[in-house]
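Asker: the following comprises the amino acid sequence and a computationally predicted model.
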Amino acid sequence: TSLFDAVELAPRDPILGLNEQYNSDTRPQKVNLGVGVYYNDEGRIPLLRAVRQAEVQRIEAAAARGYLPIDGLAAYNKAAQVLLLGEGSEVIASGRALTAQALGGTGALKIGADFLRQLLPQSKVAISNPSWENHRALFERAGFTVETYPYYDPATHGLDFDGMLAGLKALPAKTVVVLHACCHNPTGVDPTFEQWQQIAQAVKEGDLVPFLDIAYQGFGEGLEEDASVVRLFASLDLTMLISSSFSKSFSLYGERVGALTLVTSSQDESARVLSQLKRIIRTNYSNPPTHGGTVVSTVLNTPELHGLWAEELAQMRDRIRAVRTQLVEKLKARNVAQDFDFVLAQRGMFSYSGLSAEQVERLRVEHGVYAVSSGRICVAALNSGNIDYVANAIAQVL
Ligand code: PMP
């Protein structure tokens, strides 16, 4: 018999499965709101001008393609730290931050998970209910038992803050708590800063291990504003892990540009921790790829390109916010009974629309509008060419 005889077919990824269904749909008016990608008003993934300029520079420099260091490009890592912790950060100045370039936000989470599993073999991981669907799978694959803490309240379409706080306070010391630092995926619901202060206090008092995941910095209120949670935790002298991603903010999904940053309690600790992270990286993929990291690093470290990038990112953010307003207005104009104003309070690319699994199914079958069965829609996939069609379709399935 074959070596692979007993291998079972794994269930396919629900979101990628949705994409396959969408691709084989022949209706010309079909719309895919199931994706986790920013599209511009023309319905395309943008190539940012800042990115393009950095790429041109890179090609013209005709640089050799040697290996990067195990932890990646130093200038990239430093720039990633500054974006998170801020210019003039005391944590950076005192050598308490260390960063490794990673294969996207996912790669950062995985290196962090492997490191924590080795450091805290007795600990469990707690993720929000609901969370990005890969969080659970990723931490389980790293060997952890994964639990959830309350987060979303379907009744209010908002945060179950009391439940969340009580849930965090009930966790045993050294539990790893994965927190979405801004633009929660999948709900779009973020705590207020005042709520974050209480969350951070609970994390500190409970001796929990915060793992902040920030995949959408710049898509909420702004680059600096969206880092406020990271800086709040740093100001409380919390040791923590941060996975950050440039996939969305640079529109460089396929280049796998992310970073794992740890905040430690001393420079000496940082050196020891980094040495362990490098072992994990070395035995997994040896070192990260050059292209995306070089491009991001060039943009972030060239003031003119940095400024251009920040403008382009602001345009993406503003477009999403405008689309939220339009969607709510268009639904009102169609006299739907439900109040969709909660969509305006949500942040980032996603919205938990409140549509039921049956309504999502009808959207797909009757209208060719694809959404995740949880009701999650990607607001960034709406544009002036499809929003009226989608508003009509939603109004008809309500
Ligand atoms: N964390 C969250 C919350 C995400 O939504 C995503 C991407 N959808 C990631 C991490 C991973 O990002 P990347 O594509 O850079 O691996």
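Answerer: Right, received. Where do you want to start?
Asker: pull up the gap between the closest residue to Asn129 other than its chain neighbours and the ligand, please.
Answerer: Nearest non-adjacent residue to Asn129, counting by CB to CB, 6 or more residues apart in numbering: Thr148, 3.8 Å away. To be clear about C-beta, it is placed using only N, CA and C from the backbone, and glycine gets the same treatment. To the ligand, Thr148 is 15 Å away according to CB to the nearest ligand atom, to the nearest Å.
Asker: how about Pro303?
Answerer: Using CB to the nearest ligand atom, Pro303 is found at 25 Å from the ligand.
Asker: contacts only, for the residue in the stretch 251-398 of the chain that the ligand sits nearest to.
Answerer: When distances are taken as CB to the nearest ligand atom, the stretch 251-398 of the chain reaches nearest to the ligand at Gly258, 4.8 Å away. Gly258 makes contacts with 101-108, 243-247, as judged by CB atoms under 8 Å, 6 or more residues apart in numbering.
Asker: after the helix or strand Leu168 falls within comes which helix or strand?
Answerer: Leu168 is located in helix 161-169, with elements delineated by DSSP states H and E. Later in the chain than helix 161-169, the nearest helix or strand by DSSP H and E is strand 176-180.
Asker: tell me the angle of that next one relative to helix 161-169?
Answerer: Interaxial angle, strand 176-180 versus helix 161-169 (axes from the mean of the first three to the mean of the last three CA atoms, to 10 degrees): 150 degrees.
Asker: if I look at Glu192, what pLDDT would I see?
Answerer: Slight slip there: residue 192 is Thr, not Glu. You'll see Thr192 listed with a pLDDT of 98.
Asker: can you get me a residue count around it?
Answerer: Other residues near Thr192 come to 10 when the count uses other CB atoms under 10 Å.
Asker: tell me the contacts of Arg249?
Answerer: No Arg there; residue 249 is Ser. Listed by CB under 8 Å, 6+ apart, the contact partners of Ser249 are Tyr216, Gln217, Gly218, Phe219, Leu313.
Asker: name the nearest residue to it, ignoring sequence neighbours.
Answerer: Of all residues not flanking Ser249 in the chain, Gly218 sits nearest, at 4.8 Å (CB to CB, 6+ apart).
Asker: next: Ala50.
Answerer: Leaving aside its chain neighbours, Ala50 sits nearest to Trp309 (3.9 Å; criterion: CB to CB, 6+ apart).
Asker: that neighbour against Leu48, yeah?
Answerer: Yes - here Trp309 reaches Leu48: they are 6.4 Å apart, a contact under CB atoms under 8 Å.
Asker: find residues that contact each of these two.
Answerer: Phe250.
Asker: tell me the residues of the protein that contact the ligand?
Answerer: Gly36, Gly104, Gly105, Thr106, Trp132, His180, Asn185, Asp213, Ala215, Ser245, Ser247, Gly258 (CB under 6 Å from any ligand atom).
Asker: can you list those in CSV and add pLDDT and distance to Glu361?
Answerer: As requested, those are exported to CSV (pLDDT from 0 to 100; distance: CB to CB, whole Å):
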residue, pLDDT, distance to Glu361
Gly36, 92, 20
Gly104, 98, 31
Gly105, 98, 30
Thr106, 98, 29
Trp132, 96, 23
His180, 98, 27
Asn185, 97, 22
Asp213, 98, 30
Ala215, 98, 28
Ser245, 98, 31
Ser247, 98, 29
Gly258, 98, 34
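Asker: determine which two of those residues are furthest apart.
Answerer: Across these, the longest distance by CB to CB is 15.8 Å; it joins Gly104 and His180.
Asker: how far off centre is the biggest helix by length in the chain?
Answerer: Across the chain, the helix with the greatest residue count (assigned by DSSP state H) is helix 303-333. From the chain centre to the centre of helix 303-333 is a distance of 17 Å (CA atoms, centre = their mean, to the nearest Å).
Asker: following element in sequence after it, please.
Answerer: Next helix or strand after helix 303-333 toward the C-terminus (DSSP H and E): helix 342-345.
Asker: so the residue of the stretch 251-398 of the chain closest to the ligand belongs to a helix, correct?
Answerer: No - under DSSP: H, G, I helix; E, B strand; the rest coil, Gly258 falls outside any helix and is assigned strand.
Asker: bridged to it, which residues?
Answerer: On the basis of DSSP bridges, Gly258 is bridged to Ala102, Ser245.
Asker: low pLDDT regions in the stretch 101-250 of the chain?
Answerer: Within the stretch 101-250 of the chain, no stretch has pLDDT under 70.
Asker: what segments of it are helices?
Answerer: Here the stretch 101-250 of the chain has its helices, by DSSP state H, counting those that start in this stretch, at 104-119, 133-141, 161-169, 193-205, 228-235.
Asker: quick one: which of those is nearest Pro69?
Answerer: Among the helices of the stretch 101-250 of the chain, the nearest to Pro69 by CB to CB is helix 104-119 (14.5 Å).
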